[in-house]
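Enquirer: What shape does this take:
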Amino acid sequence: MAEYLNAVKSKRGAPAASLALLALLTLLPPLTAAAEDLPDPTRPPAGFGQFQADAVPSGPVLQSILISPSRRIAIISGKTVKTGDKFGDAQVLAINESEVVLKTGKSQQVLKLYPSLHNPIPNSHSGSNLEIPGQSR
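Expert: Numbering: from 1, shown residues only. Model prediction:
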C-alpha cells in the first residue's frame with residue numbers, strides 16, 4: 001500500500017495521494033460493519049450451562065463403578081458401596097460393569113451407569129412403515 005501511495009504521490013503530487021487514501025478509507029466502514037454481523041463461533045449455544053430442573057434425577061444416581069479381580073465397588077450419589085452394603089434403606093445386591101442392583105424389601109431397583117444410553121429417544125416410525133428407496137412392497 002505504501003508503494004502505491006508513493007507512486008501516486010510521485011506522479012500526481014500530494015493532493016492525488018490524499019484523495020487515494022481518502023477513497024481507501026471510505027471503503028473500510030462497510031467492511032467492519034459486515035464483520036460485526038457475523039456470529040461468534042466460540043460462543044456457546046443459548047441456554048448452555050444453565051440449570052434445568054427436569055434434568056435433576058430423583059432418587060439415587062450411580063456415578064461410578066470399579067471392578068478389579070479382588071473387589072467390586074460403586075459410587076452411588078457420592079457414597080462408596082460394595083456388594084452387601086446398605087445404601088439408605090436398600091441393600092446392594094450386585095455390582096456389574098454398567099449397573100448396580102439395589103433391594104428394598106421385596107422390590108429391586110437397577111441403577112444404570114449411563115441411563116441415557118438405555119433409554120433411547122422413541123422413534124416416530126415403526127418398522128412396518130419404513131420404505132426403502134428402489135424397493136416396492
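Enquirer: Share the number of residues neighbouring the nearest residue to R72 once chain neighbours are set aside, please.
Expert: Nearest residue to R72, sequence neighbours excluded (C-beta to C-beta, 6 or more residues apart in numbering): I95, at 4.2 Å. For glycine as for every other residue, the C-beta is placed from the backbone atoms N, C-alpha and C. Look at I95: counted by other C-beta atoms under 10 Å, it has 22 neighbours.
Enquirer: pretty sure I95 is touching I76, no?
Expert: No. Judged on C-beta atoms under 8 Å, I95 makes no contact with I76 at a distance of 9.9 Å.
Enquirer: show me what contacts the residue nearest to R72?
Expert: The neighbours of I95, taking C-beta atoms under 8 Å, 6 or more residues apart in numbering as the test, are 65, 67, 72-74, 82-83.
Enquirer: out of the residues you listed, who has the most neighbours?
Expert: A74 (25 neighbours).
Enquirer: Return the set of residues that bridge with that residue.
Expert: When assigned by DSSP bridges, A74 has beta-bridge partners I65, V81.
Enquirer: Quick one: mean pLDDT for stretch 74-94?
Expert: When pLDDT is averaged along stretch 74-94, the result is 96.
Enquirer: Next, the distance between the ends of it.
Expert: Distance across stretch 74-94, first residue to last, is 10 Å (C-alpha to C-alpha, to the nearest Å).
Enquirer: got the contact list for that stretch?
Expert: With C-beta under 8 Å, 6+ apart as the criterion, stretch 74-94 contacts 60-66, 71-73, 95, 100-104, 108-109, 111.
Enquirer: ok, T80 to S107 distance?
Expert: 23 Å (C-beta to C-beta, to the nearest Å).
Enquirer: neighbour count winner among the two?
Expert: More crowded of T80 and S107, by other C-beta under 10 Å: T80, with 12 against 8.
Enquirer: so how far is G105 from the spatially closest residue to L102 that is not a sequence neighbour?
Expert: Of all residues not flanking L102 in the chain, A90 sits nearest, at 3.9 Å (C-beta to C-beta, 6+ apart). A90 sits 9 Å away from G105, going by C-beta to C-beta.
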